[in-house]
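S.K.: My questions are about this predicted structure, shown below with the sequence.
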Amino acid sequence: MKIVIAIDKFKGSASSGQIAQAATRAILQVCPQATTVTVPVADGGEGTVNAIAAALPYLRSVTCEVTAPLLELDPVQVEYLVDDQNATAFMELSAASGLWLVPEPLRNPLMTSTLGTGDMILHAIQQGCRHIVLGIGGSATNDGATGILAALGFEFLDSDQCHVFPCGGNLERIASIDASGVSQEVKDTRFTIICDVDNPLYGKNGAAHIYAPQKGALPAHVEQLDQGLKHFATFMPNGVATTPGAGAAGGVGGGLMAFLNATLTPGIEAVLSALNFNDTIHDADLIITGEGRIDGQTAMGKTAGGVLRAGKRNGTPVVAICGALDTQSQIDDMDFDGIFSIVQQPCTLEQAMDTTQCLHNVEVTVRQIMKLFLSQNKQS
């Protein structure tokens, strides 16, 4: 019996690797003869590059120093991965422009910039990479990718032809864009953006209204940021601003599509492709997936939904575990063979999020799943 474990992190509780180890222990306790295969997965947010690196050990690690999300902060040391054979760099926006880099009292998406991510991309291009794979979850920014673009040679000018610093609060000041400083190397580079949301650039479901409050924006800031993105969209080709994912990472998705012809790829689909997931599961008897919360969004780009689609294409049963299960959403329509919350009894949120308790609950739940699965197999 071959069982594939492809579970995302339970954010704030346990990593993908820790959960996979707990699930493996449970499987082997019930079925010692089983073969287990762990596939670290992520959906484009933080941890995506680590998931890819775990499956592609030949990647080379590169470090460099880049601009922090706020200029008043010290420069940031970042790491990205290079596939020399294919001249491809794998990196995460959160490493250079992540919310975690900005102390909570200083968080303000009017002021933060993706310049550091642009520095990291430029460094990879100067190293000879001509394909950039960028995960864009976890940003501190709402600058429409102007910081990235500025680092790559684009210049943003106001009505007096003066330089406009690339940040969310300055988007409305942009009157023209000068691309004469963009090198041929940048023009020759292909960009794949791994994205885990489908929001448009602006509007009530756009980057500012949905995500800026989490990055420190006050209500008045949200409207200013939204208007800035709407103004910036006037410089973009028709249709880009409304493309699902254009609003990801404070408009990075839209900005890179518009000015670098980037391709937006659903995070989990890109990760599963990089990990050759279809080859891994072709002879599997069962797939166990999961994430911290399963709800109506699970089928729309999140990790468990992507694993489910792959399993269904292969004809393999897929069972999901989670910390929180939204029973008000249409969970039956997702077509999992079973969804199980690991929370065994009433408890506080703090107790449920405790790492030791979480991993214990994973073991208990997976043991029950395995007993049920073996029982069904015997009956058939």
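M.R.: Yes, it's here.
S.K.: dump the residue contacts of Gly137.
M.R.: Contacts of Gly137 were listed using CB atoms under 8 Å, 6 or more residues apart in numbering, and they are 43-46, 48, 92-94, 196, 248-249, 267. Glycine gets a C-beta too; all of them are placed from N, C-alpha and C.
S.K.: CA atoms of the one helix or strand Ile3 maps to as PDB?
M.R.: Secondary structure assigned from DSSP states H and E places Ile3 in strand 2-7. In PDB, the C-alpha atoms belonging to strand 2-7 read as follows (Å, rounded to 0.1, in the frame of the first residue of the first chain):
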ATOM      1  CA  LYS A   2       1.300   3.400  -1.000                       C
ATOM      2  CA  ILE A   3       0.100   6.500   0.800                       C
ATOM      3  CA  VAL A   4       1.100  10.000  -0.300                       C
ATOM      4  CA  ILE A   5       1.100  12.800   2.300                       C
ATOM      5  CA  ALA A   6       0.800  16.300   0.900                       C
ATOM      6  CA  ILE A   7      -0.300  18.600   3.700                       C
END
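S.K.: List the buried residues of the strand or helix carrying Ala304.
M.R.: Taking DSSP H and E as the criterion, Ala304 maps to helix 303-314. Buried residues in helix 303-314, counted by 16 or more other CB atoms under 10 Å: 303-311, 314.
S.K.: which outside residues touch that helix?
M.R.: By CB under 8 Å, 6+ apart, helix 303-314 touches 6-8, 41-43, 266-269, 271-272, 277-278, 281-282, 284, 287, 289-291, 294, 298-299, 317-318, 320, 322, 334-336.
S.K.: I'd like the list of the residues you listed that fall within helices, please.
M.R.: With DSSP state H as the criterion, helices contain 267-269, 271-272, 277-278, 281 from among these.
S.K.: are any of the residues you listed buried, and which?
M.R.: 267-269, 271-272, 277, 281.
S.K.: Which residue in the residues you listed has the weakest pLDDT?
M.R.: Lowest pLDDT among these: Gly267, with 75.
S.K.: picking that back up, so which residues make contact with the strand holding Ile3?
M.R.: 16, 19-20, 23-24, 27, 34-39, 41, 277, 280-281, 283-291, 303, 307, 316, 321.
S.K.: residues touching the nearest residue to Ala179 once chain neighbours are set aside, list them.
M.R.: Closest residue to Ala179 apart from its sequence neighbours, by CB to CB, 6 or more residues apart in numbering: Phe154 at 5.5 Å. Under the criterion of CB under 8 Å, 6+ apart, the contact list for Phe154 reads 146, 177-179, 181-182, 259.
S.K.: Could you pick out the longest helix of the protein?
M.R.: Assigned via DSSP H, the chain shows its longest helix as helix 355-379.
S.K.: Show the model's pLDDT score for Ala299.
M.R.: Looking at Ala299, the pLDDT reads 64.
S.K.: and what of Ala150?
M.R.: 98.
S.K.: Need the phi and psi values for it.
M.R.: phi -60, psi -40 (degrees, to the nearest 10).
S.K.: Equivalent analysis for Val76, please.
M.R.: phi -110, psi 130.
S.K.: in the stretch 1-150 of the chain, which spans are strands?
M.R.: 2-7, 35-38, 60-66, 76-83, 88-92, 131-135 (DSSP state E, counting those that start in this stretch).
S.K.: ok so, going back, turn the buried residues of helix 303-314 into a markdown table, columns for pLDDT.
M.R.: Listed next are the buried residues of helix 303-314 as a markdown table, based on pLDDT from 0 to 100:
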| residue | pLDDT |
| --- | --- |
| Thr303 | 84 |
| Ala304 | 88 |
| Gly305 | 88 |
| Gly306 | 89 |
| Val307 | 93 |
| Leu308 | 94 |
| Arg309 | 92 |
| Ala310 | 94 |
| Gly311 | 96 |
| Asn314 | 94 |
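S.K.: What is the nearest of the residues you listed to Gly135?
M.R.: Thr303 (12.7 Å; CB to CB).
S.K.: Can you tell me, leaving aside adjacent residues, what's nearest to that closest one?
M.R.: Using CB to CB, 6+ apart, the nearest residue to Thr303 is Asp8, at 3.8 Å.
S.K.: The one you found reaches Glu291, doesn't it?
M.R.: Yes: with contact defined as CB atoms under 8 Å, Asp8 counts as touching Glu291 (4.2 Å).
S.K.: need the helix or strand of this protein with the lowest average pLDDT.
M.R.: helix 48-55 (a mean of 73; mean pLDDT, DSSP states H and E).
S.K.: List the buried residues of that helix.
M.R.: 48-55.
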